[in-house]
Each structure stands twice: as structure tokens, then as C-alpha cells.
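>>> Here you go, sequence then predicted model.
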Amino acid sequence: MNTPAAPIVCIGGLNIDRKLRLLARALPASSNPCESHETPGGVVRNVAENLARLGLPVALVAAVGDDAGGRMLLEQAAQVGIDTRAVIRLRRHASDSYTAVLAPDGSLELGLAAMPLVETLNPWALEASKALRAGAALVVADGNLPTDAWPLLLAEARDGGAPLVCVAVSEAKMERLPDRLDGLHLLILNAGELSTVAAEPAAAFAALHARGVARVLVSEGARGLLLSEPGREPRHWPAPEVDVVDVTGAGDALSAGICAALLRDRDDFGAAARLGLDLAALTLQTEDSVHPDLDPSFLKER
């Protein structure tokens, strides 16, 4: 795969991921023994790291505090090759965090997001990175963004900017997406997030297309991926079978693989689905949010 000269610009959450894995079934209102693991996190940050480890040029637009956590996040991003010059540093603020409580089998029991700084990525703050987005090969934004950020990004995409991809982050934050989504090249989400639009997938797909979304790609977990495009029957790709160590970050790896493939051909969603599923399968087999051994050979082998 030829590396594009223009960067992929990733906009959204940048935080510390704290993972607490229960050693036995959780007992409510009681102290529960667990193992603790801490890594850099944030949906779009994880997407950015995956892409950088694949050897692709990536720039991050996000916000951090001036605390030790913020310094760690910026240092680690620089180490893996992410351009952080557009990251906003906020004085006298603690950096955002996400705590995942995992069951003994690695599945998510409870997620706790303390992310006030991502709320500062409003249109005024995003104006500083306008030139960066104008020169991008692809713009990827996550659902942590405040609602008022989306009209700006969608308008840029409609006006001939880089294709815009939205990666949903949770069922609770689906309401942050505006009513009109004209200009959105692709929306990536899971089955639970899709159900917040309508109870039945067919009705949810129709509603999203009516709002202006060009394509909707739904992760169904172990069942694979489902793609909806207007006027076509949904297409399905099965997921590889793997032994799951930890689910955290697998959805972000899926999104990164899809975005990496779209750089080759923005309309080849078959290739995008296959690459995304392969990268998600790899990530399911590590405790880290991004597989530490990921490198450009992953793309060369596919």
C-alpha cells in the first residue's frame, strides 16, 4: 500500500483508559478483587494510534489537561508517530479518563467516562485546525464531540473537503449527532448504538439515510459486519473466530482498519470491512487498547 502524503485527521476523545478486570463474578455493594491496567485511550486516539502503527500519516485534534496524565498522553502519541501539534493544552485542568470494569472473561461490565475536556472542541476551537483538515486525505471524528461541532465538519465535507467518517462511541452519546448528517461518507457503530435510532435495523438504516448518511456500517460483534447503502440490500461479512482476551479497543481497531482501506479506494467497502475485521481480531487478543506489535507489515500482508 502506498502511503498518502496527506494526513488522516482524527478529531475527538483523548483520555486515559483504566481497565479493572474482575477476578470473579461481581458482588454489588461490596469490594471486588480485580486486576488493574492503564493505557492511553479515547476512541479517536485509539484509531489514530492504530493508523500510525500501520505507517500512515496521522494528525490528532483533541484536548488534554496540563497534568501528568496529559503529558503522558502527548509523549506516547509522539512516540508512535501521531502529529499532536493541533492538540489543545488546557491549563489547570485534569485530562479526560475512561474506566472500564471488565468481567473475568474480558467482556465489559461497566464503562465510566469522565470526559469534560472533549466538550471544548466546539466550532471556535476547531477553527484553529481548519487548514489541517483542508489538506487531509480523510477526516475521522468520534461521537464524543459536542453537537455543535458537527455542522462545521459536515459543511467542510460537503464543500469538497476530505471524506468524513464518524465513529460512534456509545448509545448515550448517539443523541449528540445532529438531525441532518448530509456530507457524512460513513457512520460506523455497533448494534446497540444503531438501536437508539430505531428498534429494527431496517428502520434504523432508513432513518439514517433519510438524515443524509451515505453509508452505515454496523458491528455485530462475533457475527461480523453489516453495511447499508441507499437502494441496496445490506451486505454482511463474518468475523474471524479468535480467543478473546479483552474487548476494549477492538471496535476502534475495526474503525482504523476500515479507514486505512478507504485510503486505497474510498468506495471499496468490501476491502474496508475485511481489513477492519482482521485488525479487530488482532486487538481482541491483547490487554492493550492498541496491539503493541502492530506495524506496517499488517497492511503489506493484505
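On my side now, so go ahead. Nothing here was measured: the structure is a model prediction, and the numbers come from that model.

>>> List the contacts of stretch 70-81.
Here stretch 70-81 makes contact (C-beta atoms under 8 Å, 6 or more residues apart in numbering) with 14-16, 40, 45, 48-49, 52-53, 58, 60, 64, 84, 87, 89, 95. In this view, the C-beta of every residue, glycine as well, is placed from N, C-alpha and C.

>>> change it to 10 Å
Identification of contacts with stretch 70-81 by C-beta atoms under 10 Å, 6 or more residues apart in numbering yields 14-16, 38-42, 45, 48-58, 60, 62-65, 67, 82-84, 87, 89-90, 93-96, 117, 290, 292, 294.

>>> What residues sit buried inside that stretch?
Judged by neighbour count using 16 or more other C-beta atoms under 10 Å, the buried positions of stretch 70-81 are 70, 73-74, 77, 80-81.

>>> what about it, average pLDDT?
Stretch 70-81 comes out with an average pLDDT of 95.

>>> Repeat that for stretch 180-192.
On average, stretch 180-192 scores 97.

>>> The stretch 201-302 of the chain: strands as residue ranges?
Along the stretch 201-302 of the chain, counting by DSSP state E, counting those that start in this stretch, strands occupy 216-219, 225-228, 235-237.

>>> tell me the secondary structure for residue 104?
Three-state call for residue 104 (DSSP: H, G, I helix; E, B strand; the rest coil): coil.

>>> Return the distance of the closest residue to it other than its chain neighbours relative to residue 250.
Sequence neighbours aside, residue 22 is the residue nearest to residue 104 in space, at 5.6 Å (criterion: C-beta to C-beta, 6 or more residues apart in numbering). According to C-beta to C-beta, to the nearest Å, residue 22 and residue 250 sit 19 Å apart.

>>> still on that earlier bit, Provide a ChimeraX selection command restricted to the buried entries of the contacts of stretch 70-81.
To isolate the buried ones among the contacts of stretch 70-81 in ChimeraX, judged by 16+ other C-beta under 10 Å, type:
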select :14,15,16,39,40,41,42,45,48,49,50,51,52,53,54,55,56,57,58,60,62,63,64,65,82,83,84,87,90,93,94,95,96,117,290,294
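
>>> returning to what we had before: between residue 22 and residue 250, who's got more neighbours?
Taking other C-beta atoms under 10 Å, residue 22 and residue 250 do not tie; residue 250 has more neighbours (25 against 17).

>>> Point out where the stretch 1-150 of the chain drops to low pLDDT.
Within the stretch 1-150 of the chain, the segments meeting pLDDT under 70 span 1-5.

>>> could you pull out the helices for the stretch 151-300 of the chain?
191-195, 201-210, 250-264, 269-283, 297-300 (DSSP state H, counting those that start in this stretch).

>>> elements contacting the first one?
Spelled out, that is helix 191-195. Secondary structure elements in contact with helix 191-195, counted by 3 or more C-beta pairs under 10 Å, 6 or more residues apart in numbering; DSSP states H and E, are strand 184-190, helix 201-210, strand 216-219, strand 225-228.

>>> For the residue nearest to residue 268 when sequence neighbours are not counted, give its distance to residue 240.
Using C-beta to C-beta, 6+ apart and skipping residues adjacent in sequence, the residue nearest residue 268 is residue 261, 6.8 Å away. Between residue 261 and residue 240 the computed distance is 16 Å (C-beta to C-beta).

>>> And those two? Which one has more around it.
For the pair residue 261 and residue 240, the greater number of neighbours falls to residue 261 (23 against 13), based on other C-beta under 10 Å.

>>> how about the more buried one, what does it touch?
By C-beta under 10 Å, 6+ apart, the residues touching residue 261 are 1, 268-276, 279, 299, 302.

>>> Quick one: those residues as a markdown table, columns for distance to residue 190 and neighbour count too.
A markdown table is the format used below for these (distance: C-beta to C-beta, whole Å; neighbours: other C-beta atoms under 10 Å):
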| residue | distance to residue 190 | neighbour count |
| --- | --- | --- |
| 1 | 27 | 15 |
| 268 | 22 | 13 |
| 269 | 17 | 21 |
| 270 | 20 | 13 |
| 271 | 21 | 17 |
| 272 | 16 | 28 |
| 273 | 14 | 25 |
| 274 | 18 | 18 |
| 275 | 18 | 25 |
| 276 | 13 | 28 |
| 279 | 16 | 28 |
| 299 | 24 | 20 |
| 302 | 23 | 14 |
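
>>> Export those residues to CSV and append columns for distance to residue 221.
Shown next, in CSV, are these (distance: C-beta to C-beta, whole Å):
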residue, distance to residue 221
1, 28
268, 24
269, 19
270, 20
271, 21
272, 18
273, 14
274, 17
275, 18
276, 13
279, 15
299, 24
302, 22
